[in-house]
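Asker: I'd like to go over a predicted model; first the sequence, then the structure.
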Amino acid sequence: MSKLSILLVDDEANIRKTLTVFLESRGHRVRSVSSFRSAMEEAGLSRYDLAFVDLRLGTDSGLDLVQPLTKSCPWMKIVVITAYASIDTAVEAMKRGAADYITKPFTPSQLELVIMHIAKLVETEKQGTALRKYPEEQHPEASLLSREPLMLRTMELASQVAASEAVVLLQGESGTGKTLLARAIHSMSSRSRKPFSVISCPTLSHELLESELFGHVKGAFTGAVKDNPGRVAACEGGTLFLDEIGDIPLAIQPKLLRFIQERQYERIGDHLTRRADVRIIAATNIDLRNAVEEGLFREDLYYRLNVVQIDLPRLAERPNDIEPLAENLLALFNANNHKTVPGFSEEVLRMFREYPWPGNIRELRNVIERAVILGNNEPVSADLLPESMTSKKTPLRLGDPVSLDKIEEQHIRRVLAETSSLQDAATILGIDQATLWRKRKQLGIQ
């Protein structure tokens with residue numbers, strides 16, 4: 001069983017001593033306190049996996065400590081302990097966010113069962129974090145939770161379509177969470193135990209993209225030094241997510257259409273026809289109908305992809321979600337950076353509400369990660385925000401009476417805000433990473 005860091009909150013000295021000896025004998029690290037205030041102070045100083053909280057803390061109620069502790073340390077599991085057990089208090093404890101509930105007097109075996117349950121939860125969460133491969137997946141799951149009608153309809157449609165085998169097209173601006181929603185659809189589907197894989201269409205050349213999709217045999221082209229089965233084969237039984245499908249080359253589109261319709265394909269350099277059971281979810285930040293009219297996208301592929309279209313709203317269209325999303329991201333980056341930044345100043349929350357968020361959730365993520373890295377254990381203040389948020393200047397538009405250098409600077413700033421890596425930004429801007437790095441230094445962009 002994993003060794004846990006445990007906070008014990010009980011106003012009875014004998015209980016604190018007995019539990020501390022028992023828990024430490026099992027290899028856990030224990031810190032015990034006697035009051036509401038001491039518990040909050042200790043939670044702000046160290047990272048704890050588990051807190052045992054007594055229902056009665058002198059004149060205070062342990063139930064009132066559950067939510068503040070959860071807000072301060074979202075990763076910490078809370079178990080309420082009491083000699084005054086009732087169904088009502090158990091239900092209330094769970095409603096407020098407690099992970100479990102145990103009554104006094106409890107036996108060592110009962111206590112060990114509770115700890116084993118919590119240890120499994122902690123281990124599962126750690127494994128989930130270790131398995132993350134893409135920057136977009138570092139948004140907490142709550143990024144998809146919402147109180148806004150637009151996003152609620154989006155999630156309802158995603159839930160309905162998840163149970164089907166239909167091809168899904170996710171439409172939304174860069175940074176709105178298309179990859180996260182695709183993963184959620186996969187997780188809610190009958191394919192959830194099978195692989196989920198992502199291909200970013202704009203980042204690969206024609207030849208590499210086809211090879212990444214369908215695979216190749218050794219010697220099929222220069223650099224093909226060994227066989228590559230491709231993502232389609234690797235995703236057997238699962239889901240393949242094609243991000244920014246609008247950038248897929250015309251030459252590959254007939255092959256993708258055939259695979260979607262017939263589930264058949266050939267590897268590059270191989271005449272053997274193969275079959276695969278893979279669900280396709282695609283995403284785009286452009287209007288594919290316009291691409292069809294301009295001859296950049298096949299009409300038959302468009303209609304085959306667009307069986308069910310789900311539109312993701314811009315962050316600016318989710319004003320009531322901005323603060324909860326910011327708090328969830330703050331908890332994530334606190335944990336990742338071993339910080340305890342407690343929240344946001346009122347001025348920052350106001351700025352969050354008024355800012356247009358051109359980079360959507362990805363920009364919000366970058367802003368908060370930066371603030372946590374640069375900040376200390378005080379609420380995020382305006383001086384920790386990037387210049388793009390604190391500047392009073394209105395955004396420039398094409399045709400404004402300004403120099404090309406100024407237009408270039410704002411364009412680079414916006415692309416950097418909307419992308420998850422320097423390589424992605426350089427690809428969009430049509431320059432190499434070294435050139436972009438130099439331009440950032442020249443312009444003073446962080």
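Answerer: Nice, thanks for sending it over.
Asker: From here on, just use CA atoms for contacts and neighbour counts.
Answerer: Will do.
Asker: what stretches of the chain score poorly on pLDDT?
Answerer: Counting by pLDDT under 70, the chain has low-confidence residues at 1-2, 45-46, 84-87, 90, 123-143, 391-402, 420, 441, 444-446.
Asker: Which residue is the nearest non-sequential neighbour of Ala98?
Answerer: Ile78 (4.9 Å; Cα to Cα, 6 or more residues apart in numbering).
Asker: In a strand, the one you found, correct?
Answerer: Yes - Ile78: assigned to a strand according to DSSP: H, G, I helix; E, B strand; the rest coil.
Asker: thought it was touching Met94?
Answerer: No - counting by Cα atoms under 8 Å, Ile78 sits too far from Met94 to count as a contact (9.5 Å).
Asker: what's the overlap in contacts for the two?
Answerer: Asp100 (Cα atoms under 8 Å, 6 or more residues apart in numbering).
Asker: Which one's more surrounded, these two?
Answerer: A count of neighbours by other Cα atoms under 10 Å puts Ile78 above the other of Ile78 and Met94, at 26 against 17.
Asker: Next, the contact list for the more buried one, please.
Answerer: 50-53, 66, 70, 97-100.
Asker: repeat that for 10 Å
Answerer: Applying Cα atoms under 10 Å, 6 or more residues apart in numbering, we find Ile78 in contact with 6-7, 49-53, 65-67, 69-70, 93-94, 97-101, 118.
Asker: Ok, His216 next?
Answerer: Here His216 is in contact with 208, 210, 224-230, 266-270 (Cα under 10 Å, 6+ apart).
Asker: now do 7 Å
Answerer: Applying Cα atoms under 7 Å, 6 or more residues apart in numbering, we find His216 in contact with 227-229, 267-269.
Asker: Would you convert those into JSON lines that also reports secondary structure and neighbour count?
Answerer: Formatted as JSON lines, the contacts of His216 follow (DSSP: H, G, I helix; E, B strand; the rest coil; neighbours: other Cα atoms under 10 Å):
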{"residue": "Asp227", "secondary structure": "coil", "neighbour count": "14"}
{"residue": "Asn228", "secondary structure": "strand", "neighbour count": "18"}
{"residue": "Pro229", "secondary structure": "coil", "neighbour count": "17"}
{"residue": "Arg267", "secondary structure": "coil", "neighbour count": "22"}
{"residue": "Ile268", "secondary structure": "strand", "neighbour count": "23"}
{"residue": "Gly269", "secondary structure": "coil", "neighbour count": "13"}
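Asker: Max pairwise distance over those residues: which two?
Answerer: Using Cα to Cα, the contacts of His216 span at most 11.9 Å, a distance reached by Pro229 and Gly269.
Asker: can you map out the helices along the stretch 151-300 of the chain?
Answerer: 178-188, 206-214, 230-234, 253-262, 288-293, 299-305 (DSSP state H, counting those that start in this stretch).
Asker: Which one, of those, ends up nearest to Val33?
Answerer: helix 178-188 (39.7 Å).
Asker: Pull out the buried positions in that closest one.
Answerer: 178-187 (16 or more other Cα atoms under 10 Å).
Asker: In a markdown table, list the residues you listed along with distance to Thr89.
Answerer: Formatted as a markdown table, the buried residues of helix 178-188 follow (distance: Cα to Cα, whole Å):
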| residue | distance to Thr89 |
| --- | --- |
| Lys178 | 40 |
| Thr179 | 40 |
| Leu180 | 36 |
| Leu181 | 36 |
| Ala182 | 39 |
| Arg183 | 36 |
| Ala184 | 33 |
| Ile185 | 36 |
| His186 | 37 |
| Ser187 | 33 |
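Asker: wait, which of those is closest to Gln433?
Answerer: Thr179 (24.1 Å).
Asker: Could you measure from the closest one over to Ala283?
Answerer: Distance, Thr179 to Ala283, using Cα to Cα, to the nearest Å: 8 Å.
Asker: between the helices of the stretch 151-300 of the chain, which one is nearest to Glu327?
Answerer: Among the helices of the stretch 151-300 of the chain, helix 178-188 sits nearest to Glu327 (Cα to Cα), with 18.0 Å.
Asker: for the closest residue to Glu418 other than its chain neighbours, what are its contacts?
Answerer: Nearest residue to Glu418 in three dimensions, chain neighbours excluded: Gly359, at 4.2 Å (Cα to Cα, 6+ apart). Contacts for Gly359 (Cα under 7 Å, 6+ apart) come out as 174-175, 417-418.
Asker: now the residues you listed as CSV including neighbour count and distance to Thr18?
Answerer: CSV is the format used below for those (neighbours: other Cα atoms under 10 Å; distance: Cα to Cα, whole Å):
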residue, neighbour count, distance to Thr18
Ser174, 21, 55
Gly175, 25, 51
Ala417, 23, 53
Glu418, 24, 53
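Asker: Would you check which pair of these lies furthest apart?
Answerer: Checking the contacts of Gly359 with Cα to Cα, the most distant pair is Ser174 and Ala417, at 10.1 Å.
Asker: Helices of the stretch 301-446 of the chain, residue ranges please.
Answerer: According to DSSP H, counting those that start in this stretch, the helices that the stretch 301-446 of the chain contains are 322-337, 346-354, 360-374, 387-390, 404-418, 422-429, 433-443.
Asker: and the angle for the first one with helix 346-354?
Answerer: Just to be clear, that refers to helix 322-337. 120 degrees (axes from the mean of the first three to the mean of the last three Cα atoms, to 10 degrees).
Asker: now for helix 322-337, which elements pack on it?
Answerer: helix 360-374 (3 or more Cα pairs under 7 Å, 6 or more residues apart in numbering; DSSP states H and E).
Asker: Done for today, thanks.
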